[in-house]
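Enquirer: with the sequence up front, the predicted model follows.
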Amino acid sequence: VTGVQTCALPICLIQLGLICGAAAGYMGWNEAKKQLDVVRAENGYDGMSDVEKKAFDKENSEVAVYLALMIIAGLLACLFMCAIICGRKSLQTAIDVIDASADYIAHNKRVILVPNMHFLIQIVVVIIWLFGFLAVMSLNDIEASKIIPQKKDVKFKDKKFFYMAMYMIFGFFWLTAFVEYLSRFVVIVGATTYYFNNHRDRKDEEASAEICYGFTCAYWYHPGSIAMGSFIIAVVRFIKFIFYHLAKQAVKRSGDNPAVKALAACGMCCLNCIEKVCDYLNEAAFCYMAVTGDHFFKAAWNGFLLNLKHGLAFAFANTIAKVFMFIGKVGITVTNCFTLYVLMKYVRGDTEEVSSIWGPVVVVGVVSYIAASLFLSLFEEAVMALLTCVCVDMDMNGGEPVYGPATFHDNYAKAIKEDKGNDME
């Protein structure tokens, strides 16, 4: 099965989802419009004043919602189709990179241990931090709540204890982000060495990735750069934490005012977007750093420029990879839950001994989803790292990749040959 055939499913799912969204919007708009005409006729809409018409239209805004859904989904479907047609070379490069990423993980199975090891490190770090945080909180007055049983209220004796608690919370975000980025950087370096250790002129000799070298780079050569990237994302998450609690208090004091709720939701949405952007730029910086060895800020700037230059290829690769990951997570979770149900009902007969089967199913589903996310995150990081390698390779060698595994060059050469044949026709 070629990379194009493999990636046809997520591409078709994206296009089909957008078309279905536009169709659903049209059907909802058409039905809502008919109902609105009936309601207008019953309430004498034509005889209303302008103020009454505005109030009536505000109460019956479903038509506008469905119309907006139809227009937005239709435009996105057209834009996605145009991107596929006009950017087929970038799409082919993205597909080849995804295929090479799967080969990287399949041929270097020891990389699977990287996120698991750092997950255990993360647990140890959180436990140590928790003891420190409890020690800081114990310096203050702790009183039992008069309203909620078993709840404790903390009253800070001094502002310095409050600042210490805030510092500990910020440290939590920084430490967890640092361990997370250490794991991702090891995988990225492994993917980079896998790409540049192979050459198109040595197709019979496939070199493996240097995972141990990835640990050396992460823990010895670039811990400062990783700490800087984790510091940036920790600042954003800390601001989100402060904003969430302030917004919660504002909503409570406003008496659940809808306007305040809307402002709080918009603020959280903006902060979530900023977090996603910063995380993506950090990953782009780490990928470029793994290739060139530059420090964080130089790698971040050059990685940003590389993303702008090859934006369509990065967009295709990341989108297709996310669809693959979503399909994998859902498939693993559903399979494990179904297996649990079969075992409990037909093998062990435990369904009669429990009051509800949904409890075990939910637990298995949550654990399966977390485990699947932990493993499949390798794929997304490998795609980003290998695509950065391909773009740097093409920029250094006149638009043609020289390095990379044999499967990548076989697919790339086949795609170039097909494009030339189409151009001649």
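Expert: Perfect, thanks for sending it.
Enquirer: how long is stretch 131-145 from one end to the other?
Expert: 23 Å (Cα to Cα, to the nearest Å).
Enquirer: distance from that stretch to the middle of the chain?
Expert: 35 Å (Cα atoms, centre = their mean, to the nearest Å).
Enquirer: which of the three states applies to V154?
Expert: strand (DSSP: H, G, I helix; E, B strand; the rest coil).
Enquirer: that one pairs with what?
Expert: Listed by DSSP bridges, the beta-bridge partners for V154 are I142.
Enquirer: quick one: low-confidence parts of the chain?
Expert: Low-confidence segments of the chain (pLDDT under 70): 1-9, 45, 56-57, 59-60, 150, 349-352, 411-425.
Enquirer: which residue lies farthest from the center of it?
Expert: G47 (52.1 Å; Cα atoms, centre = their mean).
Enquirer: so who does that residue touch?
Expert: With Cβ atoms under 8 Å, 6 or more residues apart in numbering as the criterion, no residue contacts G47. Heads up, the C-betas are built off the backbone N, CA and C, glycines and all.
Enquirer: quick one, phi/psi of it?
Expert: phi -90, psi 0 (degrees, to the nearest 10).
Enquirer: quick one, phi psi at R184?
Expert: phi -70, psi -40.
Enquirer: what's the distance between it and A385?
Expert: 9 Å (Cβ to Cβ, to the nearest Å).
Enquirer: could you do V402 as well?
Expert: On the measure of Cβ to Cβ, V402 and A385 end up 17 Å apart.
Enquirer: same question, T319
Expert: From T319 across to A385, the span is 17 Å (Cβ to Cβ).
Enquirer: one more: K151?
Expert: Distance from K151 to A385, by Cβ to Cβ: 47 Å.
Enquirer: got it, and I11?
Expert: Taking Cβ to Cβ, one finds I11 at 22 Å from A385.
Enquirer: likewise for C270?
Expert: 29 Å.
Enquirer: of these two, which one has the most company?
Expert: Taking C270 and A385 together and counting by other Cβ atoms under 10 Å, A385 has the greater number of neighbours (30 against 12).
Enquirer: quick check, the more buried one in a helix?
Expert: Yes. Checked against three-state DSSP, A385 lies within a helix.
Enquirer: check contacts around it.
Expert: 187-189, 191-192, 195, 287, 290 are the contacts of A385 under Cβ under 8 Å, 6+ apart.
Enquirer: okay, and which of those map to helices?
Expert: 187-189, 191-192, 195, 287, 290 (DSSP state H).
Enquirer: element containing W129?
Expert: helix 113-137 (DSSP states H and E).
Enquirer: and that helix, what other elements does it pack with?
Expert: helix 159-196, helix 358-396 (3 or more Cβ pairs under 8 Å, 6 or more residues apart in numbering; DSSP states H and E).
Enquirer: what angle separates the first one from helix 113-137?
Expert: Read it as helix 159-196. 170 degrees (axes from the mean of the first three to the mean of the last three Cα atoms, to 10 degrees).
Enquirer: which helix runs longest in the chain?
Expert: helix 3-43.
Enquirer: what's the spacing between that helix and its chain's center?
Expert: Distance, centroid of helix 3-43 to centroid of chain: 25 Å (Cα atoms, centre = their mean).
Enquirer: stretch 259-278 too?
Expert: 17 Å.
Enquirer: ok, residues contacting that stretch?
Expert: So stretch 259-278 is in contact with 232-233, 236-237, 239-240, 243-244, 247-248, 250-251, 254, going by Cβ under 8 Å, 6+ apart.
Enquirer: cutoff 7 Å now
Expert: 232-233, 236-237, 239-240, 243-244, 247, 250-251, 254 (Cβ atoms under 7 Å, 6 or more residues apart in numbering).
Enquirer: kindly report the same for stretch 212-222.
Expert: Contacts for stretch 212-222 (Cβ under 7 Å, 6+ apart): 182, 185-186, 189-190, 193, 226, 289.
Enquirer: now neighbour count and distance to M325 too, for these, in TSV please.
Expert: Shown next, in TSV, are those (neighbours: other Cβ atoms under 10 Å; distance: Cβ to Cβ, whole Å):
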residue	neighbour count	distance to M325
L182	23	21
F185	29	19
V186	26	19
V189	28	21
G190	30	19
T193	24	23
I226	25	23
M289	28	24
